[in-house]
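**Student:** With the sequence up front, the predicted model follows.
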Amino acid sequence: VQVRREEPGDEGFWRFPDGEIVTIVCAPLPQDLRQEIPSYTNPNSADYVALYTYADLDALIELYGHLRMLNPGNRVNFMTAADLQPDDYSSHLVLLGGVDWNAVTREVTKSRRVEIPVRQELRDTDDPNFNGFEVLDGDENRVFRPVLDASKQLLEDVTQFYRGPNPYNKKRTVTICNGMYGRGTLGAVRALTDARFRDRNNEYIKRRFSGESEFSILSRILVVQGKVVTPDWTAPDTVLHEWPSRE
């Protein structure tokens, strides 16, 4: 089977060859959070809504609409990590959310199926100051952490955007959009869906990673009045770490 390979970051970054399946994988919302809205998350309730059992709903809706628009000849599925079947793993995978809730993100990154020098720490809900991404840079490790104020309101998140070959099927891709918090995950998605920023971010990827089979970008996500500001990867101090490095 011949797979049309596009340069990362060209106009078709989220465009996949016709007829190939794309699977968006979200984390299931943890049970303790579902219990806060039992009327909508209990299948026995008359008001049950299946999507309320998903984490990162805003990121899912943003990305699903964009993928369907760009890929009318493809089947675009979405499901929780718990619902994946064996055949789903061999499609183009898009993983939303981090290692704490999304078991597939955890499996792909923690098991080193994807060999990149970036590791996401499990989120510490008791002390958010210890949440972050660790970069293994030679003999020196650096950690990039989100910023919260004294009342634990999120001011800045840290997010990773990764694209590379699917470890379960090298003829397909895996893309990871994961923040330490949900608004970071949304920011990672919007970097290449937001009409005001996607062209310049696409060009940045094309220029920076042309010829690479995989790449990773850690970036800062600003949160203003509780709202996510789409990251501009060409702006100073937005990109925190890139891999492969420029050297």
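**Tutor:** Structure received. Residues are numbered from 1 along each chain as shown.

**Student:** On the pLDDT front, check the residue of the chain most remote from its centre for me.
**Tutor:** Within the chain, the residue lying farthest from the chain centre (C-alpha atoms, centre = their mean) is Ala46, at 32.6 Å. We have a pLDDT of 93 for Ala46.

**Student:** and what of Pro8?
**Tutor:** pLDDT at Pro8 comes out at 44.

**Student:** likewise Val1?
**Tutor:** Looking at Val1, its pLDDT reads 35.

**Student:** what's the answer for Val228, then?
**Tutor:** With respect to pLDDT, Val228 has a value of 97.

**Student:** ok, how many other residues are close to it?
**Tutor:** 26 (other C-beta atoms under 10 Å). Every C-beta, even on glycine, is put in place using the N, C-alpha and C of the backbone.

**Student:** Ok, Glu115 next?
**Tutor:** 9.

**Student:** Quick check: it vs Pro167, distance?
**Tutor:** Applying C-beta to C-beta, to the nearest Å, the value for Glu115 to Pro167 is 10 Å.

**Student:** repeat for Arg112
**Tutor:** 10 Å.

**Student:** Who has more neighbours out of those two?
**Tutor:** Pro167 (17 against 10).

**Student:** SS state for the nearest residue in space to that one that is not next to it in sequence?
**Tutor:** Leaving aside its chain neighbours, Pro167 sits nearest to Arg113 (3.9 Å; criterion: C-beta to C-beta, 6 or more residues apart in numbering). For Arg113, the assignment made with DSSP: H, G, I helix; E, B strand; the rest coil gives coil.

**Student:** any idea of the pLDDT on Arg113?
**Tutor:** 78.

**Student:** How many residues are close by it?
**Tutor:** By other C-beta under 10 Å, neighbour count at Arg113 equals 12.

**Student:** just Lys227 next, same as before
**Tutor:** Residues near Lys227, counting by other C-beta under 10 Å: 9.

**Student:** How much space separates it from Pro167?
**Tutor:** 35 Å.

**Student:** And for Pro38?
**Tutor:** Pro38 sits 37 Å away from Pro167 when distances are taken as C-beta to C-beta.

**Student:** try Gly73
**Tutor:** From Gly73 across to Pro167, the span is 26 Å (C-beta to C-beta).

**Student:** immediately after the lengthiest strand in the chain, which helix or strand?
**Tutor:** For the chain, the strand with the greatest residue count under DSSP state E is strand 154-166. Next helix or strand after strand 154-166 toward the C-terminus (DSSP states H and E): strand 169-179.

**Student:** Buried by neighbour count: which residues of that next one qualify?
**Tutor:** Across strand 169-179, burial judged by 16 or more other C-beta atoms under 10 Å covers 172-179.

**Student:** CA atoms only for that strand - export them in PDB, please.
**Tutor:** Presented in PDB, the C-alpha positions along strand 169-179 are these (Å, rounded to 0.1, in the frame of the first residue of the first chain):
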ATOM      1  CA  ASN A 169       1.400   0.600  12.200                       C
ATOM      2  CA  LYS A 170       4.300   2.400  10.600                       C
ATOM      3  CA  LYS A 171       2.200   3.300   7.600                       C
ATOM      4  CA  ARG A 172       0.000   5.500   9.800                       C
ATOM      5  CA  THR A 173       0.700   8.400  12.200                       C
ATOM      6  CA  VAL A 174       0.300   9.200  15.800                       C
ATOM      7  CA  THR A 175      -0.300  12.800  17.000                       C
ATOM      8  CA  ILE A 176      -0.300  13.700  20.700                       C
ATOM      9  CA  CYS A 177      -1.800  16.900  22.000                       C
ATOM     10  CA  ASN A 178      -1.400  16.900  25.800                       C
ATOM     11  CA  GLY A 179      -1.200  19.600  28.400                       C
END
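
**Student:** quick one: it to strand 154-166, angle?
**Tutor:** 180 degrees (axes from the mean of the first three to the mean of the last three C-alpha atoms, to 10 degrees).
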